[in-house]
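**Student:** Turn this into a model:
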Amino acid sequence: MQDIFIGRQPIYNRDVELHAYELLYRHNKNQNSANIVDHDRATAEVVLNAFLEFGLDHLVGDKLAFINLPRSFLVGDLPIPFTSEQVVLEVLENIVVDEQIIHAVQQLRQAGYSIALDDFVFHESLRPLVENSGIIKIDMMSLPREQIAKHVAALREYPVSLLAEKVENHDDFAFARALGFDYFQGYFFCRPNIVAGHTLSTNRLSLLRLLAALQQTNPDINSITELVSQDVALSYKLLRRLNSAAFGLSRPIESIHHALVFLGLKHIKQWIALIALSNVPDKPNELMVLGLTRARMCEQLARTGQGNGEVHFTVGLFSVLDALLDTPMDELLRQLPLAEDLKQALLHHQGMAGRALSCAKAFERGEWEDAHYPSFTPDHLTEAYLNAVMWADELQASLIA
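**Tutor:** Numbering: from 1, shown residues only. Model (predicted):
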């Protein structure tokens with residue numbers, strides 16, 4: 001078990017009636033602020049905790065949920081695995097606004113999502129975002145009052161609602177309300193409260209296996225079911241999502257297989273991607289991509305008939321486990337029911353699978369003179385490596401395809 005937290009700050013309307021909650025990243029129940037180093041991972045944890053752990057119905061009831069999204073989520077590098085109902089997507093103020101962001105916001109708006117611009121300070125380059133947003137949030141502490149009044153006047157030409165954030169006292173509230181702001185948020189009303197809970201830890205090895213299985217050309221639902229079923233925490237998280245009010249199931253889910261068929265492979269990919277991102281808080285995501293690159297190259301080398309492709313793939317995939325789990329490889333292998341030849345390939349690069357792993361490692365280090373494998377010319381090895389790199393690099397994009 002591990003502790004999980006999420007911050008929740010109310011948003012009120014002009015009559016001081018509860019309108020929505022902003023959901024915030026929190027990593028400690030005793031620190032009511034966010035020290036965010038990796039915005040992608042922070043958002044992944046907020047989304048997972050809101051939808052898979054606590055349940056959005058428990059956190060916000062029938063109110064809206066405002067969720068901050070960094071660039072990777074907006075442009076599709078990382079998935080938005082929930083529908084547009086009951087959520088408002090906040091575009092953070094530190095995002096560089098370019099054509100890609102503008103197009104992404106337009107697409108999200110067309111898909112039915114409500115868009116809010118956070119900590120808004122008007123600039124001509126932001127006009128396309130304003131035109132595709134429904135809510136503009138203005139920080140009452142970041143601008144002089146005469147500037148706030150000018151912003152409000154300029155924004156009146158757009159069909160947007162205005163939200164005053166960081167309303168610290170009654171004077172701030174009265175000023176913003178007189179200007180015509182629609183919604184209000186800040187310490188004058190309520191500090192964010194931290195909702196705490198517990199969750200089962202998901203096995204990193206299960207996630208790695210699932211990520212690989214989901215990238216096959218035609219993923220087999222029975223194989224995916226077996227992999228999910230091997231991890232009780234993962235099974236629980238996915239079933240927790242299906243149990244939310246958003247699905248409104250008319251009959252109960254009878255099995256993991258039934259749950260996965262109901263969710264569909266697209267949504268399974270999206271949730272697994274986010275769980276994987278948030279599940280290794282002290283490890284770069286590239287480490288998992290490295291394991292997939294090695295696995296793919298090893299698999300390609302086996303296609304000459306020099307070995308078993310599945311075994312080669314497994315050796316490449318498992319070769320990063322020691323780094324992922326901060327545990328020596330020999331100790332890890334004592335805990336896994338693997339064939340002896342596979343263990344020797346991982347520990348000492350023995351056998352054909354071990355030679356394939358050695359070749360893949362040599363390529364990634366640029367040690368061309370040590371990159372050898374029977375029946376492969378240098379050009380063929382280069383092609384296999386580049387194909388593996390492309391396959392792994394396209395992993396995140398393919399998760400939302």
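
**Student:** contacts, neighbours, all on C-alpha from now
**Tutor:** Fine.

**Student:** what stretches of the stretch 301-401 of the chain score poorly on pLDDT?
**Tutor:** 304-306, 324-325, 335-338, 395-401 (pLDDT under 70).

**Student:** Give me the domain ranges for this structure.
**Tutor:** For the chain, automatic domain parsing gives the domain ranges 2-197, 200-279, 286-399.

**Student:** want to throw the ones you listed into JSON lines with mean neighbour count?
**Tutor:** As requested, those are exported to JSON lines (neighbours: other CA atoms under 10 Å):
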{"stretch": "domain 2-197", "mean neighbour count": "18"}
{"stretch": "domain 200-279", "mean neighbour count": "17"}
{"stretch": "domain 286-399", "mean neighbour count": "18"}
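
**Student:** ranking the ones you listed by mean pLDDT, which is last?
**Tutor:** Mean pLDDT per stretch puts domain 200-279 lowest among the domains of the chain, at a mean of 70.

**Student:** and the gap between V315 and L59?
**Tutor:** V315 sits 43 Å away from L59 when distances are taken as CA to CA, to the nearest Å.

**Student:** Kindly report the same for E394.
**Tutor:** For E394 relative to L59 (CA to CA), the value is 34 Å.

**Student:** cool, P81 as well?
**Tutor:** Per CA to CA, P81 is found 18 Å from L59.

**Student:** How about E124?
**Tutor:** Taken as CA to CA, the span from E124 to L59 is 37 Å.

**Student:** now swap in F313 and tell me
**Tutor:** On the measure of CA to CA, F313 and L59 end up 42 Å apart.

**Student:** My guess is L342 contacts V315. True?
**Tutor:** Yes - if you go by CA atoms under 8 Å, L342 and V315 touch, sitting 6.7 Å apart.

**Student:** Now the common contact residues for the two.
**Tutor:** Jointly contacting L342 and V315 under the rule CA atoms under 8 Å, 6 or more residues apart in numbering are 353-354.

**Student:** Pull the contacting residues for I275.
**Tutor:** Residues in contact with I275 (CA under 8 Å, 6+ apart) are 44, 48.

**Student:** Can you tell me the SS state at I11?
**Tutor:** strand (DSSP: H, G, I helix; E, B strand; the rest coil).

**Student:** residues in contact with it?
**Tutor:** 18-22, 183-185.

**Student:** can you put the residues you listed in JSON lines and add secondary structure and distance to E165?
**Tutor:** Formatted as JSON lines, these follow (DSSP: H, G, I helix; E, B strand; the rest coil; distance: CA to CA, whole Å):
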{"residue": "L18", "secondary structure": "strand", "distance to E165": "15"}
{"residue": "H19", "secondary structure": "strand", "distance to E165": "14"}
{"residue": "A20", "secondary structure": "strand", "distance to E165": "13"}
{"residue": "Y21", "secondary structure": "strand", "distance to E165": "12"}
{"residue": "E22", "secondary structure": "strand", "distance to E165": "11"}
{"residue": "Y183", "secondary structure": "strand", "distance to E165": "8"}
{"residue": "F184", "secondary structure": "strand", "distance to E165": "6"}
{"residue": "Q185", "secondary structure": "strand", "distance to E165": "5"}
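
**Student:** Specify which member of these is nearest to I135.
**Tutor:** Y183 (9.4 Å; CA to CA).

**Student:** That closest one contacts V160, doesn't it?
**Tutor:** No - judged on CA under 8 Å, Y183 makes no contact with V160 at a distance of 11.6 Å.

**Student:** Please enumerate the strands of this structure.
**Tutor:** 2-13, 18-25, 64-69, 87-91, 114-117, 135-139, 161-165, 183-185, 193-199 (DSSP state E).

**Student:** can I get the ones you listed in a markdown table with distance to H380?
**Tutor:** As requested, these are exported to a markdown table (distance: least, CA to CA, whole Å):
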| stretch | distance to H380 |
| --- | --- |
| strand 2-13 | 47 |
| strand 18-25 | 47 |
| strand 64-69 | 42 |
| strand 87-91 | 45 |
| strand 114-117 | 48 |
| strand 135-139 | 54 |
| strand 161-165 | 59 |
| strand 183-185 | 60 |
| strand 193-199 | 47 |
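
**Student:** Ok, which of the ones you listed comes nearest W368?
**Tutor:** strand 64-69 (41.7 Å).

**Student:** got the contact list for the closest one?
**Tutor:** By CA under 8 Å, 6+ apart, strand 64-69 touches 19-24, 43, 86-92.

**Student:** And the furthest pair within the residues you listed?
**Tutor:** Largest pairwise distance in those, by CA to CA, is 22.0 Å, between H19 and T43.

**Student:** what ranges do the helices span in the stretch 301-401 of the chain?
**Tutor:** Under the criterion DSSP state H, counting those that start in this stretch, the stretch 301-401 of the chain contains helices at 309-318, 321-325, 329-334, 340-348, 351-365, 378-393, 395-399.

**Student:** how about TSV for these, with distance to N68 added?
**Tutor:** Compiled in TSV, the helices of the stretch 301-401 of the chain are given as follows (distance: least, CA to CA, whole Å):
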stretch	distance to N68
helix 309-318	33
helix 321-325	28
helix 329-334	38
helix 340-348	41
helix 351-365	36
helix 378-393	26
helix 395-399	20
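
**Student:** can you tell which of these is closest to N132?
**Tutor:** The nearest among the helices of the stretch 301-401 of the chain, by CA to CA, is helix 395-399 at 24.4 Å.

**Student:** Could I get the contacting residues of V91?
**Tutor:** With CA under 8 Å, 6+ apart, V91 has these contacts: 68-70, 115-118.

**Student:** pretty sure I115 is touching L92, no?
**Tutor:** No - using CA under 8 Å, I115 makes no contact with L92, being 10.8 Å away.
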